[in-house]
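Visitor: structure of the sequence below:
(3 chains)
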Amino acid sequence: MPISARDNDTVLRITDVDVFHGTFQALWNVSLEVRRGEMLALIGANTAGKTTLLDAISGVLHPARGTIEFEGKDIGGLDPYQIVELGITQVPEGRRVFPDMTVLDNLLVGSYAAGARRKRAESLAIVYDLFPNLSERKKQVAKTLSGGEQQMLAIGRGLMAHPKLMLIDEMSLGLAPIVVDEIFKVLGKIRERGITVLFVEQNVNRTLKEADRAYILETGRVVLHGAAADLRENAKVKKAYFGIDECEAT
Amino acid sequence: MDGKHTIRTPIVASLVIAALAAMPLAGAPESWLLYIFLFLIYLALANMWNLLAGYAGLISLCQPAFIGLAGYTMTVGTWVGIPWWIGLPFGILAAALFALAISGAVFRLSGVYFAIGTLVVPEALRMVFYLWRPVGGKMHGAGAGYMVKGIGDISSGSIYWLALLAAVGSALVVRVILRSRLGLGLAAIHDNERCAASSGVNVFSLKLYTFIVAAAVTGFAGAVYYLYQGYIEPSATFSVKWTMTLLLATVIGGIRTEEGPMIGTVVVVFLYFLLARYAGYSLLIQGIILIFIMLLSPRGLAGLARKIATRPFMMRTGPSFKGRRAL
Amino acid sequence: MDIVTPLVIGIMLGGLYGLVALGLSLIFGVMKLINLAHGDLVILSSYIAYALLAYLGIDPVLGLVISIPFMFVLGFVIQRYLLGKGFAISSETPLIIAFGISLVLQNLNQILWTPLSRGLNTSYSAMSFFIGERQFPLSYLLDFMAGIVVTLALRTFLTRTYMGRAITAASQDGRVAQLMGINTNRVYGYAFAIAMGSAAIAGVFLGMTFPFTPTSGISFLTIAFGTVIIGGLGSMVGTFFGGVILGVFQTLGGCLFGPASQMLIVYVLVFLILAIRPRGLFGR
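Guide: Sure, this is the predicted structure:
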């Protein structure tokens, strides 16, 4: 599929990247673009390599081949903390809040990076505004929160790093649809603040409704990408993910 | 690694063993026999520690317990009329049973907790044997030591050959285990314990068998040592010094390699005698060597030798990454 | 039978044990590493204090002004260049490297200071104080107070400073801590350095209370282990209480069963806790 002509402001550009876990290759020749201010979805089954890609962007893994550029700068070989300083933050799969620390402490740790630390009061205010129930539970120990609250805490923690780009890994896992709706609403507000969001999901239907564009990964390769609306109509997607066969449809 | 080696190694090994066995008969000087005796005992102990820590993932710090229990069983036996050559097998049995007894408790601990748990055991036994007089009489002063009775007429050659038996036996035990189903299971556990468990590998029993076997052979070597020394007392017997020597020998030589303990024991015994006059220096140097080896060649001298030997045949196995590499 | 005296002594002694164990607990909690060299590092501090006292006449507690920064830097270096590199190789490697450091320290001390036992004898270290009719060594009380101070200081540091929170976070989830922008390598270095700082303090107070030799490190390592096991990981306050419990068990045990069996009671206790509740009494 041709890359769209309106290639305005590309915030993150991944070009022909291979990523290994030890000797096992998880990503093959992956290319991806994230444009400023958009909601980009990364869709795929469990073993498709989505988390691996996020880890490569965050610096936890390094590409064996290819480049990852953030705002024009090559970040492929940097350490995770350096990438956070540059403005990319990851909300990891499974929430992974620090279980024995309070909500407030979790948020404060999120602003550890030097640049973020200076703005922490401001960031805290924003987070409490977006997530009022976190503000109520400042002193509560994180492991006692519900799944939905933990997810909100994880996102809030990511916001404390004052990011330009937020990577969110499988946030709807194990959460009730109502809670997922709320979180998507918050993501919308985050976008309004100018933060670009790349989120990873397995729930294709919902995802294509919320995202601007999407990439579909299968066993470590990009098999399809484009505007969400286009993908929803795409026959292959329909068959693979919705189980609808053109011949069967009315 | 196989191929030519499968024929060469047993031949070379047999020649070496035969040569070593012949030494007492050939009238080799006592000091030589002593060096080799110590080498053989430490080798047996190191092989077992390598089996536990390197292959079974059990960083056991309670080897002195097995050494001491076997030694004490044999020694106390000689005080109640049981000759040493019957007491010795009983000592081995005692060590093995003890391993079985504590396995229930220590195996519930994983990783570092296992190491701590096993560290405490010899200390506790030291206290026990310090306070407890199984049979009457004492060595000197307030000590709780015992002489080994009825060994006046054993030739040093016999004791030497027992040590040789222990060393060769330990090497055989390691070889047999590694090539058996037990060894396969251990390799699976080393790779990924949870996967192994869910594939039907009975992790607990495999570790238990290995633990018991290692305890038995360790006990054997320990008892032979005390047969040679002629007396046994708690603080040197249940001392962490044994553990230190074993760890050094195994790691310097190359943990998780079959030839590692041999190389390492040579280095350790060599340094020990070279620097016997300078008490602290030998261990100081060994400590420094240990640190360097772990950082530069984690597979020890054996691993280093292997790297050099196979260098022309190395292919690029792929990119290198920041992060953990498996040992 | 008077159990009040052994009880009080046990509590105070426990304070010293807790003080010694704090550094070990911190490192274990943060890096999941048993620092086998911990006891020897504490004794190193005792020897440094001894040197300052014997050759320069500096009071050991004042000497901390020199030895704390020294141990701090030493700790940072050990973590950064030895143990840290070890972690990248395998999870057993740092343990073995720590063991190597322990060997080096023990024998270095033995060469420098001979196996003769030494003590930090100041004007006040041999004094006693009285509660009612009972007499207690002043040094024990000083140990207990030092233990409380350092425990609280560490706890405050861990919960109220950015670096402290980073250390706590890294100990609960290292990978996610990295995603927060925490340079875990550097943070581990600081954690180790701080643990060494507390070891420096422990060494001084230990030296004023008991005579020490180059091999004293092992005995105190075992006691520190016991303390950490009983008190549980990840909690400075828990470790301190663990020390007190251990101390009380030791003295009461000695009172009831005779002095020779003191340590045996302790080992049994440690083993029991390991078997029943490995997390320790206050651990996570």
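
Visitor: what's the spacing between the residue in chain A that chain B sits nearest to and A:Glu218?
Guide: Going by Cβ to the nearest Cβ, chain B is nearest to A:Ala64 of chain A, at 3.9 Å. In short, each C-beta sits where N, CA and C put it, glycine included. When distance is defined by Cβ to Cβ, to the nearest Å, A:Ala64 is 20 Å away from A:Glu218.

Visitor: neighbours around the residue of chain A closest to chain B, how many?
Guide: 17 (other Cβ atoms under 10 Å in any protein chain shown).

Visitor: for the one 4 residues further on, same thing?
Guide: Around A:Ile68 there are 26 other residues, counting by other Cβ under 10 Å.

Visitor: list the contacts of the nearest residue to it once chain neighbours are set aside.
Guide: With sequence-adjacent residues excluded and distances taken as Cβ to Cβ, 6 or more residues apart in numbering or on different chains, A:Ile68 is closest to A:Gly76, at 4.8 Å. By Cβ atoms under 8 Å, 6 or more residues apart in numbering or on different chains, A:Gly76 lies in contact with A:His62, A:Pro63, A:Gly66, A:Thr67, A:Ile68.

Visitor: again, 7 Å this time
Guide: A:Gly76 makes contacts with A:His62, A:Pro63, A:Thr67, A:Ile68, as judged by Cβ atoms under 7 Å, 6 or more residues apart in numbering or on different chains.

Visitor: what two of the residues you listed are the furthest from one another?
Guide: Greatest spatial distance among these (Cβ to Cβ): A:His62 and A:Thr67, at 11.2 Å.

Visitor: of the two, who's got more company?
Guide: Taking other Cβ under 10 Å, A:His62 and A:Thr67 do not tie; A:His62 has more neighbours (21 against 15).

Visitor: just checking, that one touches A:Gly77?
Guide: Yes: contact criterion Cβ atoms under 7 Å: A:His62 and A:Gly77 qualify, at 6.0 Å.

Visitor: what is the neighbour count of residue 233?
Guide: You didn't pick a chain, so chain A it is. A:Glu233 has 9 nearby residues by other Cβ under 10 Å.

Visitor: that's the wrong chain, I wanted chain C
Guide: 22.

Visitor: the residue of chain A closest to chain B and A:Phe70, how far apart?
Guide: In terms of Cβ to Cβ, A:Ala64 sits 19 Å off from A:Phe70.

Visitor: also C:Leu33?
Guide: From C:Leu33 to A:Phe70 the distance is 34 Å (Cβ to Cβ).

Visitor: mind listing what's buried along the longest helix along chain A?
Guide: When chain A is parsed with DSSP state H, its longest helix is helix A:177-192. Buried positions in helix A:177-192, judged by neighbour count with 16 or more other Cβ atoms under 10 Å in any protein chain shown: A:Val179, A:Val180, A:Glu182, A:Ile183, A:Phe184, A:Val186, A:Leu187, A:Ile190, A:Arg191.

Visitor: for chain B, see how far away the residue of chain C found nearest chain A is.
Guide: Taking Cβ to the nearest Cβ as the measure, the point where chain C comes nearest chain A is C:Gly181, at 3.3 Å. As for C:Gly181, its distance to chain B is 17 Å (criterion: Cβ to the nearest Cβ, to the nearest Å).

Visitor: just the element for that residue, please.
Guide: Using DSSP states H and E, C:Gly181 is not contained in any helix or strand.

Visitor: distance from the chain centre to stretch B:118-137, please.
Guide: On the basis of Cα atoms, centre = their mean, to the nearest Å, stretch B:118-137 is displaced by 21 Å from the centre of the chain it belongs to.

Visitor: pull out the buried residues from that stretch.
Guide: B:118-130.

Visitor: before we move on, what's the pLDDT of the residue nearest to A:Met171 when sequence neighbours are not counted?
Guide: With Cβ to Cβ, 6+ apart as the criterion, A:Met171 has its nearest non-adjacent residue at 5.5 Å, and that residue is A:Gln151. Note on A:Gln151: pLDDT of 93.

Visitor: next: B:Ile7.
Guide: So B:Ile7 comes in at 62 (pLDDT).

Visitor: and for B:Ala22?
Guide: Predicted confidence (pLDDT) for B:Ala22: 80.

Visitor: any idea how many residues pack against C:Ser125?
Guide: 18.

Visitor: go on, C:Phe225?
Guide: C:Phe225, neighbours per other Cβ under 10 Å, totals 25.

Visitor: I figured it hits B:Ile116, correct?
Guide: Yes: assessed by Cβ under 7 Å, C:Phe225 is found in contact with B:Ile116 at 5.3 Å.

Visitor: what segments of chain B are strands?
Guide: For chain B, the strands defined by DSSP state E occupy B:146-147, B:231-232.

Visitor: around chain C, pick out the residues from chain A.
Guide: When proximity is defined by Cβ under 7 Å from any Cβ of the partner chain, chain A lies next to chain C at A:58, A:60, A:79-81, A:84-85, A:90, A:92, A:96, A:98-101, A:105, A:108-110, A:112-113, A:116-117, A:161.

Visitor: of these, which belong to helices?
Guide: Those of these lying in helices (DSSP H): A:Ser58, A:Pro80, A:Tyr81, A:Val84, A:Glu85, A:Asp105, A:Leu108, A:Val109, A:Gly110, A:Ala116, A:Arg117.

Visitor: quick one: which of the residues you listed is nearest C:Leu120?
Guide: Top of the list for closeness to C:Leu120, among these and by Cβ to Cβ, is A:Asp105 at 39.4 Å.

Visitor: contacts only, for that closest one.
Guide: A:Asp105 sits next to C:Arg165 when contact means Cβ under 7 Å, 6+ apart.

Visitor: still on that earlier bit, host element of the residue nearest to A:Met171?
Guide: In this structure, A:Gln151 is located in helix A:147-159 according to DSSP H and E.

Visitor: which element follows that helix toward the C-terminus?
Guide: From helix A:147-159, the next helix or strand downstream (DSSP H and E) is strand A:165-169.

Visitor: in a helix, A:Gly66, correct?
Guide: No: A:Gly66 is assigned strand when assessed by DSSP: H, G, I helix; E, B strand; the rest coil, not a helix.

Visitor: what sits against it?
Guide: By Cβ under 7 Å, 6+ apart, the neighbours of A:Gly66 are A:Thr15, A:Asp16, A:Val17, A:Asp18.

Visitor: on that earlier part again, now the strands of chain B as JSON lines including mean neighbour count?
Guide: Formatted as JSON lines, the strands of chain B follow (neighbours: other Cβ atoms under 10 Å in any protein chain shown):
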{"stretch": "strand B:146-147", "mean neighbour count": "20"}
{"stretch": "strand B:231-232", "mean neighbour count": "20"}
